[in-house]
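Engineer: the sequence isn't on hand, but the structure is:
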């Protein structure tokens, strides 16, 4: 039997810092979803007192903002952006999509309007740098940024919902199909949906990852609009 004096001491807990707290919160959200994150739960994960964490982070909303900004750094392009504006935006779009795939709980924060931090601002700055290669005025650059962001937001939300596990969705795919199919087939059979009906009944062949194709269509539209505007201005 080991004497109490010879028993190895447990490893010391790393010094508590705001960075350590945020990292623990991100790991918890990655493992269990955003609903699992609270000051109390993060404190328990770190083996600390809840009130100790409040001396570093005042409220949960601040913790969520810090989490969002920490992962925003993953969407930052470390190397210089490509000279071509489309390639530059595609690079940033891929990084942003990969970020949400690694941290699907980021989608849950979109509607919560958490405070934007320095990493988030750097990501926007890089997008504007890519758009700036078009030589457009400030208002047009902002409108292009908005169109790009609207596409990205819509896509990553839909993709995150489709990739959700049965635990997150609350119902399995088989259960959802069993509930929806009789109702859908009844509506389709009425002949009210002649275009949608065959897609549901027969499926659609050749469906693949539409991310870059859809984004390409958005960028094509922007490019065509700018080309038409330059033509009408006589440039």
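Structural biologist: Sure, I can see it. Quantities reported herein were computed from a predicted structural model and do not represent experimental measurements.
Engineer: so what's the residue most central in space within the chain up against?
Structural biologist: Per C-alpha atoms, centre = their mean, the C-alpha nearest to the average position across the chain is that of residue 100, at 3.4 Å. Residue 100 makes contact with 106-107, 156, 159-160, according to C-beta atoms under 8 Å, 6 or more residues apart in numbering. Every residue, glycine included, has its C-beta placed from N, CA and C.
Engineer: quick one: buried residues of stretch 35-42?
Structural biologist: Across stretch 35-42, burial judged by 16 or more other C-beta atoms under 10 Å covers 37, 39, 42.
Engineer: turn those residues into JSON lines, columns for secondary structure and pLDDT.
Structural biologist: Below are the buried residues of stretch 35-42 laid out as JSON lines (DSSP: H, G, I helix; E, B strand; the rest coil; pLDDT from 0 to 100):
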{"residue": "37", "secondary structure": "coil", "pLDDT": "96"}
{"residue": "39", "secondary structure": "helix", "pLDDT": "96"}
{"residue": "42", "secondary structure": "helix", "pLDDT": "97"}
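Engineer: for residue 126, state which of those is nearest.
Structural biologist: Nearest to residue 126 among the buried residues of stretch 35-42 is residue 37, at 27.8 Å by C-beta to C-beta.
Engineer: pretty sure residue 56 sits against residue 15.
Structural biologist: No: using C-beta atoms under 8 Å, residue 56 makes no contact with residue 15, being 11.4 Å away.
Engineer: these two: which has the busier surroundings?
Structural biologist: Ranked by neighbour count (other C-beta atoms under 10 Å), residue 56 and residue 15 place residue 56 first, with 18 against 6.
Engineer: so the more buried one: helix, strand or coil?
Structural biologist: When classified by DSSP: H, G, I helix; E, B strand; the rest coil, residue 56 comes out as coil.
Engineer: torsion angles phi and psi at it?
Structural biologist: phi -100, psi -40 (degrees, to the nearest 10).
Engineer: once you drop chain neighbours, what's closest to it?
Structural biologist: residue 18 (5.0 Å; C-beta to C-beta, 6 or more residues apart in numbering).
Engineer: same check, this time on residue 219
Structural biologist: Counting by C-beta to C-beta, 6+ apart, residue 86 is the residue found nearest to residue 219 once chain neighbours are left out, at 5.3 Å.
Engineer: tell me the pLDDT of the one you found.
Structural biologist: Residue 86 carries a pLDDT value of 96.
Engineer: secondary structure element for it?
Structural biologist: Using DSSP states H and E, residue 86 maps to helix 85-102.
Engineer: on that earlier part again, burial check on the residue nearest to residue 56, number of neighbours?
Structural biologist: 13.
Engineer: try residue 107
Structural biologist: Residue 107 has 18 neighbours, counted by other C-beta under 10 Å.
Engineer: kindly report the same for residue 223.
Structural biologist: For residue 223, using other C-beta under 10 Å, the count is 13.
Engineer: in the helix or strand containing residue 28, what counts as buried?
Structural biologist: According to DSSP H and E, residue 28 maps onto helix 18-32. Buried positions in helix 18-32, judged by neighbour count with 16+ other C-beta under 10 Å: 20-22, 24-26, 28-29.
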